[in-house]
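A.B. asks: no letters, just coordinates:
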C-alpha cells in the first residue's frame with residue numbers, strides 16, 4: 001500500500017481522538033478504534049452524530 005494511505009488513516013485516527021475528547025470521551029480508545037480499517041470512518045460518523053456527555 002502507499003505511504004499516503006497510512007498518513008491519511010493516521011490523520012483520521014487523530015481527528016477522531018480530538019473529536020472524542022471534545023465530547024468528553026476517551027481519546028486514546030477512539031484513536032485505537034479508528035486505526036482499524038473498517039471502523040475508522042464509522043467511528044468518525046458516530047462521533048460527529050453523537051451528543052456531548
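C.D. replies: Done, it's in. What you see is a predicted model, and the numbers here were worked out from it, not measured in a lab. Numbers count the residues shown, from 1 in each chain.

A.B. asks: I'd guessed residue 34 sits against residue 18; true?
C.D. replies: No: between residue 34 and residue 18 there is no contact under Cβ atoms under 8 Å: 10.8 Å. In this view, the C-beta of every residue, glycine as well, is placed from N, C-alpha and C.

A.B. asks: name the nearest residue to residue 52, ignoring sequence neighbours.
C.D. replies: residue 23 (4.7 Å; Cβ to Cβ, 6 or more residues apart in numbering).

A.B. asks: next: residue 22.
C.D. replies: Per Cβ to Cβ, 6+ apart, closest to residue 22 is residue 52, 7.7 Å.

A.B. asks: ditto for residue 39
C.D. replies: Leaving aside its sequence neighbours, residue 39 sits nearest to residue 33 (Cβ to Cβ, 6+ apart; 5.6 Å).

A.B. asks: name the helices or strands packed onto the host helix or strand of that neighbour?
C.D. replies: Residue 33 is part of helix 27-34 when elements are defined by DSSP states H and E. Contacts defined by 3 or more Cβ pairs under 8 Å, 6 or more residues apart in numbering; DSSP states H and E place helix 27-34 against helix 3-22, helix 39-49.
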